[in-house]
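# Just a sequence and a predicted model for now, questions to come.
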Amino acid sequence: MSELFQFADNIGPAKVMGIYEPKLHLRGILVVDNVAAGPAIGGCRMAPDVTLQECARLARAMTMKNAAAGLPHGGAKSVIMADPKMPTERKEQVIRAFAHAIRDVADYIVGPDMGLNERAMAWMHDEIGRAAGLPREIGGIPLDEIGATGFGLAIAAEVAQDFCEVKIAGARVAVQGFGAVGKHAARFLAARGAVLVAASDSSGTIVNSNGLDVEALIALKNRGRSVVELPAAERRDREAIVGVGCDIWIPAARPDVITMVNVDLLRAKLVLQGANIPVSPEAEERMHQRGILSIPDFIANAGGVICASVEYHGGTQSTALETIEEKIRNNTREVLDAMRLQRVTPRRAAVDLARERVLVAMSYRRF
Ligand code: NAD
């Protein structure tokens, strides 16, 4: 029993729910971390190895992200322990069963995360009438198709230029995880003059110091292939992306990819955290000591949830992009100004900003 409360502090989690459906071998977890600002919004992740701990940490990251972005939403996360590459027919059954299981948790609005796309959100919406990140045909703003999170990362990079030596025009970029977030981050940065020199996915890393063809790489990934199949690039193993010589390094795959074990391999001057919780707290501290500017996940990668919130409240795609730009530009600047003024890490400054907003929201509530 006490395990359920191992993450509890003065913010949350408000609810932890285990979901088990033996007929379908469905195993899932929902953590609603905090609902002071409004119903919690947060993605549902499908992966074979997701844990309660990962889910709880991601739920807290959503509380901080939604608070930092000033959205009328608390934070939550859900996970389904399964292979996202299962046959579509079975996947639909599993998703619908999961939606059915969370139907009464009215203060949780589910969104897409790793392993689940707009189609999965349409199934959830069909079951319980509550989901964000829907397909265009049913009123959604397809956030992964338009690259909402990648766009936000490029905006964060624009602000970061005033706080480190990196200038986007001509900057060498390396992206770990060339998926929905990674490929659009590369595209928006390339449009601002940056050069993609390395990219990786679960099959390996490719490097070309003269620059990789971003559009060709995106086309390849959109056909379901791996980055390692791109011609005119040197192939390395998957973990090699960490040590690639670059100016901007973007984690856009899994949590905890940078720890004390490999942090000193990083050769970038700016890290834009596209993935959620990609860097351990100790490694984040170490980066700061080494003079690497690292923009925390819940500040830099809020584009997706801002887009989902705009969609949920009936806004359009152009409103979503304007809102992402305004919020990420202001928040990144506020955090980096505080970092300078208070001589703290960007993470410390960001946590203080978000925590203060959550506590103020909680002070307005009876419970
Ligand atoms: P995705 O599934 O579209 O892409 C993930 C990519 O990472 C894939 O190309 C996969 O092959 C690759 N990958 C997986 N394991 C890897 C490894 N060990 N090394 C290198 N590459 C690996 O997922 P996504 O939507 O792009 O999300 C990526 C990360 O960004 C996740 O942490 C997610 O929580 C976070 N995030 C996503 C959004 C969004 O809008 N999609 C918003 C905020 C945060």
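Done, it's in.

# per-residue confidence at Ile277?
Confidence at Ile277, expressed as pLDDT, is 89.

# How many residues are close by the spatially closest residue to it that is not a sequence neighbour?
With CB to CB, 6 or more residues apart in numbering as the measure, Pro255 is the residue that lies nearest to Ile277, at 4.4 Å, once sequence neighbours are left out. (Each C-beta comes from the backbone N, C-alpha and C, glycine too.) If you count neighbours by other CB atoms under 10 Å, Pro255 ends up with 18.

# Pull the contacting residues for Pro255.
By CB atoms under 8 Å, 6 or more residues apart in numbering, the contact list for Pro255 reads Glu54, Arg57, Leu58, Ala275, Asn276, Ile277, Pro278.

# repeat for Leu293
By CB under 8 Å, 6+ apart, the contact list for Leu293 reads Ala160, Phe163, Cys164, Val166, Lys269, Leu270, Val271, Leu336, Pro346.

# Could you rerun that using 10 Å?
Going by CB atoms under 10 Å, 6 or more residues apart in numbering, Leu293 touches 160-161, 163-166, 248, 268-272, 287, 336, 339, 345-346.

# One more: Asn34?
Contacts of Asn34 by CB under 10 Å, 6+ apart are 11-14, 40, 59-60, 62-64, 66-67, 73-76, 358, 361-362.

# and these, which of them are in helices?
Counting by DSSP state H, the contacts of Asn34 place Ala59, Arg60, Met62, Thr63, Met64, Asn66, Ala67, Val358, Ala361, Met362 in helices.

# Kindly indicate which of these lies nearest the ligand.
Each of the ones in helices among the contacts of Asn34 was checked against the ligand using CB to the nearest ligand atom; the closest is Met62, at 9.4 Å.

# What separation do you get for Gly75 and Ile41?
8 Å (CB to CB, to the nearest Å).

# neighbour-wise, which of the two wins?
Between Gly75 and Ile41, Gly75 has the larger neighbour count (other CB under 10 Å), namely 33 against 28.

# Please name the bridge partners of that one.
When assigned by DSSP bridges, Gly75 has beta-bridge partners Asn34, Ile41.

# Which residues are in contact with it?
Here Gly75 is in contact with 11-14, 31-37, 40-42, 58-67, 298, 305, 354, 358 (CB under 10 Å, 6+ apart).
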